[in-house]
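Novice: one predicted model, sequence on top.
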Amino acid sequence: MGNETLKTAWIFPGQGSQYIGMGEDLYERSQLAKEYFNISKEILGFDIQSIISNGPEDLLNKTKYTQPSIFITSVILGKILIKRGLQPFAVAGHSLGEYSALTVSNSVSFEKGLELVKVRSESMEKAGHLQNGTMAAIVGLKEKDVQLICSSYKGKGLVVIANHNSHKQIVVSGTSDAIIETIEKAKDKGARLAVELKVSGAFHSPLMNPAKEELAKILDSISFKDPQYPVFNNVNCKPIFSSDKIKSSLIEQLEKPVLWTKSIIEMKNFGVKSFLEVGPGKVLQGLNKRIDRSLISDGVDSLNKMDTFFV
């Protein structure tokens, strides 16, 4: 992975990749991690490191805690990789992961990035309680079939595609009744799996509209720098090279679908030869296999794993 000629893109995970004890050896072995966790305590107003290490799981799975914990872990890993002499050819992040990608690209400082994530996670959780929304994963149906199911819903509320994760893994988002009906219809259509996700809201759907105002307010107070590496964004999958495109991308992302499949294909077309998932879990490596079996993917979720790159 350390070979520059490989043109490696770093990809950063989003919500759903968290687990108790993720990046455990960071706090034990890295001075940078200790500094960042101390800063985090001040910004967040609670001890996120303790929640990451000890849980309980239902607390870590609340959006308010999930998003900062994944962001902090991912950014620390990315910053240490760069300190050790590795550089990405390009970066991208799945939903929340886009904030990690922008921070590792030095477009925004760790402190400001975390402030953004704090506001984003709190306002998304609030919007979730307002609307009683949820999400479901549908595996084994083509995008056009899922789209048909969504548009055929005639009841109260709404359902839309939220994440295009791979060619046959689609996540839908909407009001509870609409999601339950969509799950049933997907099973009737022959989906291998159609299951409600453990989330606290209908993310990447119009039901997130109430969260926009607060996020827009804090985004306006932050001046972004041009990213050091091209950042492929979720909304249109195009690389962002300059700071003026960042704010609108992050605002739109709240309500619009994450076009992950297209992002990975666009990065491959851009010249990316391999992918490194920087952060907890292996979700994105798994999706890469489904998107294009020829893609070389690896991951780094701890210092122990990172050490194997520098042998």
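Specialist: In hand now; what should we look at?
Novice: and residue 53, how many residues sit next to it?
Specialist: Residue 53 has 16 neighbours, counted by other CB atoms under 10 Å. (Glycine included, C-beta is placed from N, CA and C.)
Novice: one more: residue 58?
Specialist: By other CB under 10 Å, the burial measure for residue 58, its neighbour count, is 9.
Novice: phi and psi next, for it.
Specialist: Residue 58 adopts backbone torsions of phi -70, psi -20, taken as degrees, to the nearest 10.
Novice: ok, residue 240 next?
Specialist: phi -100, psi 120.
Novice: and the nearest residue to it once chain neighbours are set aside, what does it touch?
Specialist: Setting aside the residues directly before and after it, residue 240 is nearest to residue 231 in space (CB to CB, 6 or more residues apart in numbering), at 4.5 Å. Under the criterion of CB atoms under 8 Å, 6 or more residues apart in numbering, the contact list for residue 231 reads 90, 91, 92, 98, 101, 102, 105, 107, 239, 240, 246.
Novice: just residue 270 next, same as before
Specialist: 90, 230, 232, 239 are the contacts of residue 270 under CB under 8 Å, 6+ apart.
Novice: my guess is the third one meets residue 94, correct?
Specialist: Just to be clear, that refers to residue 232. No. Applying CB atoms under 8 Å as the test, residue 232 and residue 94 come out as separate, 10.9 Å apart.
Novice: show me where this structure has its strands.
Specialist: For the chain, applying DSSP state E gives strands covering 8-12, 90-93, 133-139, 159-166, 169-175, 193-196, 231-232, 239-240, 274-278, 296-300.
Novice: the ones you listed: which one's closest to residue 69?
Specialist: Checking the strands of the chain against residue 69 by CB to CB gives strand 8-12 as the closest, at 13.3 Å.
Novice: partner strands of that closest one, parallel or antiparallel?
Specialist: Paired neighbours of strand 8-12 in the sheet (DSSP bridges): strand 90-93 (parallel), strand 274-278 (parallel).
Novice: output these in TSV; the columns should cover mean neighbour count, distance to residue 287 and mean pLDDT.
Specialist: Formatted as TSV, the strands paired with strand 8-12 follow (neighbours: other CB atoms under 10 Å; distance: least, CB to CB, whole Å; pLDDT from 0 to 100):
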stretch	mean neighbour count	distance to residue 287	mean pLDDT
strand 90-93	28	12	98
strand 274-278	25	10	98
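Novice: quick one: closest of those to residue 36.
Specialist: Residue 36 lies closest, by CB to CB, to one member of the strands paired with strand 8-12: strand 274-278, at 14.6 Å.
Novice: and the angle for the closest one with strand 296-300?
Specialist: Orientation note: strand 274-278 sits at an angle of 20 degrees relative to strand 296-300 (axes from the mean of the first three to the mean of the last three CA atoms, to 10 degrees).
Novice: quick one: strand 274-278 to chain centroid distance?
Specialist: Chain-centre distance of strand 274-278: 14 Å, with CA atoms, centre = their mean, to the nearest Å.
Novice: now stretch 73-83
Specialist: For stretch 73-83, the distance from its own C-alpha centre to the chain's C-alpha centre is 16 Å (CA atoms, centre = their mean).
Novice: please apply the same query to stretch 293-302.
Specialist: Its chain's C-alpha centre and that of stretch 293-302 lie 16 Å apart, by CA atoms, centre = their mean.
Novice: just stretch 99-119 next, same as before
Specialist: Chain-centre distance of stretch 99-119: 13 Å, with CA atoms, centre = their mean.
Novice: closest to residue 39 out of the strands paired with strand 8-12?
Specialist: strand 274-278 (19.4 Å).
Novice: just the helices from the stretch 51-200 of the chain, written as ranges.
Specialist: Using DSSP state H, counting those that start in this stretch, the helices found in the stretch 51-200 of the chain span residues 57-60, 63-83, 97-104, 110-131, 143-151, 176-188.
Novice: gap between the nearest residue to residue 304 once chain neighbours are set aside and residue 86?
Specialist: Leaving aside its chain neighbours, residue 304 sits nearest to residue 25 (5.8 Å; criterion: CB to CB, 6+ apart). Distance, residue 25 to residue 86, using CB to CB, to the nearest Å: 18 Å.
Novice: do residue 6 as well
Specialist: Distance of residue 6 to residue 86, computed by CB to CB: 11 Å.
Novice: of those two, who's got more company?
Specialist: Set residue 6 next to residue 86 and count neighbours by other CB under 10 Å: residue 86 wins out with 21 against 14.
Novice: so what's residue 11 up against?
Specialist: Counting by CB under 8 Å, 6+ apart, residue 11 touches 91, 92, 93, 94, 97, 101, 264, 275, 276, 277, 278, 284.
Novice: what about it, distance to residue 197?
Specialist: Here the criterion is CB to CB. By it, residue 11 lies 20 Å from residue 197.
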